[in-house]
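J.: Predicted coordinates and the sequence they were generated for:
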Amino acid sequence: MALVIGLTGSIASGKSTVSFMFNDFQIPVIDADKISRDVVEPGEAAYERIVAAFGEAIVREDKTLDRKKLGSIIFAEEEKRLALNHIVHPEVRKQMMKQRDALIAAGVRCVVLDIPLLFESKLTALVDKTIVVYVDEAVQLQRLMERDGFTEQAAKQRIASQLPVKEKAKLADAVINNNGSKQESYEQLEQILSDWQVGK
Ligand SMILES: CC(C)(COP(=O)(O)OP(=O)(O)OC[C@H]1O[C@@H](n2cnc3c(N)ncnc32)[C@H](O)[C@@H]1O)[C@@H](O)C(=O)NCCC(=O)NCCS
Ligand SMILES: Nc1ncnc2c1ncn2[C@@H]1O[C@H](COP(=O)(O)OP(=O)(O)OP(=O)(O)O)[C@@H](O)[C@H]1O
């Protein structure tokens, strides 16, 4: 039976960085952020519902969603964020389960579901084990501002929209402390996978 790992953390804690490391172990990763982009492409059902709920102002000239604008709306107002979640999340969940089941049927020994909101959206039933990528809040804030060029206020709004990463770490089966170098995080991942008998 395949081991299904849920990988999570908070915004800019290093999920994508760790997610990439699974390549080295030949373990496939299903990326919820990527699926959430695919299911809102023009022509998809969720796209029409988002435009109906948020108006034409969030549509760009090429008809795709203006993600920057939508982000600034939903991270400033909880009600709007919940409305968007309500439209997008069921479709993301469906696609993730479909991809997970296809990989299991193909005989993989392990598969990872990279889901930023794994705990908030109560999706732990989709996975067998959870890994939280942890960073101290000061490191998180600095890396987020550097990566996305956000002001401190915009970065803090985004951090506040999720359960604090300290709380997520308490709920995890395993924690990767990503305050240090990427190499140090890699070594922690290697140890966890070896403990769970899905290492190299
Ligand atoms: C608001 C949107 C358009 C902004 O797009 P953008 O390309 O700038 O960001 P991206 O999608 O790459 O998300 C970046 C990070 O923001 C955080 N985040 C995104 N959406 C949310 C949310 N609804 N609540 C809390 N955190 C979120 C996650 O940590 C994610 O990794 C987009 O994030 C979105 O459609 N969000 C709703 C769907 C969602 O919840 N996605 C995340 C998990 S499925
Ligand atoms: N150990 C590290 N040392 C230095 N920089 C790092 C480290 N880990 C990640 N980073 C940098 O921090 C930023 C955030 O990391 P990453 O994009 O992996 O986070 P994430 O959790 O996937 O974010 P999001 O929730 O927004 O998708 C990136 O610019 C990344 O290069």
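T.: Arrived safely. Ligands and ions are numbered 1, 2, ... in the order given.
J.: State the three-state secondary structure for the residue nearest the centre of the chain.
T.: By CA atoms, centre = their mean, the chain has its centre lying nearest to P116, at 2.8 Å. Taking DSSP: H, G, I helix; E, B strand; the rest coil as the rule, one finds P116 in the coil state.
J.: Is it in contact with S13, as I believe?
T.: No - checked against CB atoms under 8 Å, the pair P116 and S13 is beyond contact range at 9.1 Å. The C-beta positions use only the backbone N, C-alpha and C, and glycine is treated the same way.
J.: before we move on, the earlier item: contact partners for the residue nearest to the centre of the chain?
T.: 8-11, 15, 32-33, 162 (CB atoms under 8 Å, 6 or more residues apart in numbering).
J.: does any bit of stretch 144-154 sit next to ligand 1?
T.: No - counting by CB under 6 Å from any ligand atom, ligand 1 has no neighbours in stretch 144-154; the shortest distance is 7.7 Å.
J.: Could you give me the buried positions within that stretch?
T.: Buried residues in stretch 144-154, counting neighbours by 16 or more other CB atoms under 10 Å, are found at 144-145, 150, 154.
J.: picking up where we left off before, the contacts of P116, buried ones only, as a ChimeraX selection?
T.: The ChimeraX selection below is limited to those of these classed as buried (16+ other CB under 10 Å):
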select :8,9,10,11,15,32,162
